[in-house]
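Peer 1: sequence isn't available, so here's the structure alone:
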DNA sequence: GGGGAGCCGTTTTTT
DNA sequence: ACGGCTCCCC
């Protein structure tokens, strides 16, 4: 039975699967059955060589890839043994290990994971505290500098001592970046928080500094496998090298031609380094493609051959040549949308495709707008991938911030988010006072607030702070005996957060309320999923575990694959996926390749690899389109066709143009030898071809489709007898009139005496907090 | 507190 | 074009 599983493999695939011990590098071209080889190899190790699942580690970059691998191995083995495998993303696996080992480096095992927003916010604060110019030291710039340092295994101390790095920062007029890095790291440490990069960086630190820990995991992980190896950074490589050092049973799978994440620290160097570091590396190349038509494969090869310094390989297929690639010139971005939507409609009718057979790929997220409008117009169901994830929504983050504070009160970022939300009279002044003390004494904000009385706080403010602390402590007291949902429910109730959202009756408010309900549902679901044995560890259903889990989740992980919708996404997001029909839009200079990435050969080659990735997503049909002009940054700009189009021989192309609805087929009247590029045909021809019927286009502004957003505030016409009353006489229960919000009832009075705040439930605008010092109110009764 | 005006900066981003 | 942010006013 175990030996059956290798029957369906080709020679190279089988060679890779049969390789048992020692370093193995699989260079797997697009669509060459990479996942199949990985999963079969793991299954074979277990089934044939009787390697214990507990001794196998497989690292991926996405949760989705990890889940798919697990599922496929499970299917092959059919025994449920796969659940004992250690398969996960770099970040989730290392986070899990750090949960057990972080105390070695002075972190609490219940450390918080900072997402990019948290991390940027800490940097912003550090820049402010150092009195640096925040126009110069922008969080994103400084943040990515810090990130690349961590991904390159450079500590703050090493950073500050590195002549070249310091030179570079000085050259960019940001000499204090190293200092910021140092303070940022110290602050994260103080907060008991690790950012995404720390999950790698600290993992490495633990393994290097504590040999007994290293030995433990070297012994545990006798076989190590790495997916998407071309996307690993220096730190990731250093870790897997350490883990595999004892047994050298390390297998990496990757495709240098699909390396598209160098801006996140990934380095193809790791591929060369692998062969240098191990002198007995077995290299297997998977070049047979099982995904795409002959034409698509030919074009992909043509494109990538323009890059220098690739690992020599050439995809081939036994699939039929298939259709030519449609190259479409359109007038505008809107036109591009129309063309694509029309084409999808036509393909569905003529060739019985359904929505889910189509993907629209683009270089930048901003390009999705035109497609959306056109798809909606033709009532074609679609889904946009990417963009704001569920967990990044403000209301969801707010709720999670409460949970984070409960688990780790030292988490300043979470605390700042919620300490005065919903409003409870702990304002800016109080917080600034507390933050100053926190900085002076190098202690977490929470501890400062806890000692509020000694801060010199008095009266209503002191009471508010103490009530807040009491509330958090009440939640914390629940932790030991309650599951995640029960704690979360109490948090929602007692914090006033759920009520706050419930009272907001605007369209957006209702959506926010629903999102929080959905979050609660997901916590309930988490709680009710049995505490299964996973990855060799007993899972628990407490709040801490939940928080840890979701910190590393993205939207794509909750996605329903089978929905019958056209998928829209960036090329980056499309890696690893395949579709029968693919549209790649915006094939224009400065867009694809991006104008930001044409200054060095390295950058340009990465853009080309990106194009290669995009093309190889298609199984049957591929459309490439470029617009004469499009709106960018609110400006109509005209661009040349992408240089990448010139790299595709004409024989593979079927050229079409679209003029705002009327499409004209360009007959092949021009030289169509393989040496004639698309570019020459489209732009080199004297007078012919695309100068053809140009129809005057009325300046189009597509009619708004769908419901108009309801105005945020329902306007109120003040009564003729409106005279502002003395608001110091205001009492709970009174009915009042507000100039803008209309009539409402006073629900609550709070705030300090010098700054009273009334909560008023307005008839047409829901509940609002009104500062009585400013607002004009007429007491009605 | 929160709405409106005005200014800035806008590639990709698995975690 | 558009969203995010700060600053000002009620």
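Peer 2: Done, it's in. Every value quoted in this text rests on a predicted model; they were computed, and no experiment measured them.
Peer 1: for residue A:741, give its distance to DNA strand C.
Peer 2: Distance from residue A:741 to DNA strand C, counting by CB to the nearest atom of the strand, to the nearest Å: 11 Å. Backbone N, C-alpha and C define where each C-beta goes, glycine included.
Peer 1: before we move on, what about residue A:420?
Peer 2: For residue A:420, the distance to DNA strand C - CB to the nearest atom of the strand - is 15 Å.
Peer 1: and that residue, what does it touch?
Peer 2: Counting by CB atoms under 8 Å, 6 or more residues apart in numbering, residue A:420 touches A:426, A:427, A:431.
Peer 1: over to residue A:551?
Peer 2: Residues in contact with residue A:551 (CB under 8 Å, 6+ apart) are A:95, A:112, A:113, A:115.
Peer 1: what of residue A:316?
Peer 2: A:287, A:288, A:289, A:297 are the contacts of residue A:316 under CB under 8 Å, 6+ apart.
Peer 1: burial measure for the second one, as a count.
Peer 2: Spelled out, that is residue A:288. For residue A:288, the count of nearby residues is 18 (other CB atoms under 10 Å).
Peer 1: ok, residue A:208 next?
Peer 2: 14.
Peer 1: so after the host helix or strand of it, what's the next helix or strand?
Peer 2: Under the criterion of DSSP states H and E, residue A:208 resides in helix A:196-209. Using DSSP H and E, the helix or strand that follows helix A:196-209 towards the C-terminus is helix A:211-220.
Peer 1: give me the nearest residue to the single nearest residue of the stretch 101-250 of chain A relative to DNA strand B, chain neighbours excluded.
Peer 2: Going by CB to the nearest atom of the strand, DNA strand B is nearest to residue A:196 of the stretch 101-250 of chain A, at 3.4 Å. Distances taken as CB to CB, 6 or more residues apart in numbering put residue A:91 closest to residue A:196, at 6.2 Å, once the chain neighbours are dropped.
Peer 1: give the contact list for that neighbour.
Peer 2: Contact analysis of residue A:91 by CB under 8 Å, 6+ apart lists A:196, A:199, A:200, A:552.
Peer 1: of these, closest to DNA strand C?
Peer 2: residue A:196 (19.0 Å).
Peer 1: hmm, back to that, and the pLDDT for the residue of the stretch 101-250 of chain A closest to DNA strand B?
Peer 2: Residue A:196 carries a pLDDT value of 94.
Peer 1: now do the strands in the stretch 1-150 of chain A.
Peer 2: A:24-28, A:56-60, A:86-89, A:112-114 (DSSP state E, counting those that start in this stretch).
Peer 1: between those strands, which one is nearest to residue A:228?
Peer 2: For residue A:228, the closest of the strands of the stretch 1-150 of chain A is strand A:56-60, at 6.8 Å, according to CB to CB.
Peer 1: by how many degrees do that closest one and helix A:211-220 diverge?
Peer 2: Counting by axes from the mean of the first three to the mean of the last three CA atoms, to 10 degrees, strand A:56-60 lies at 100 degrees to helix A:211-220.
Peer 1: neighbours of whichever residue of the stretch 1-150 of chain A sits closest to DNA strand B, how many?
Peer 2: Nearest residue of the stretch 1-150 of chain A to DNA strand B, counting by CB to the nearest atom of the strand: residue A:61, 2.9 Å away. Residue A:61 is flanked by 21 other residues according to other CB under 10 Å.
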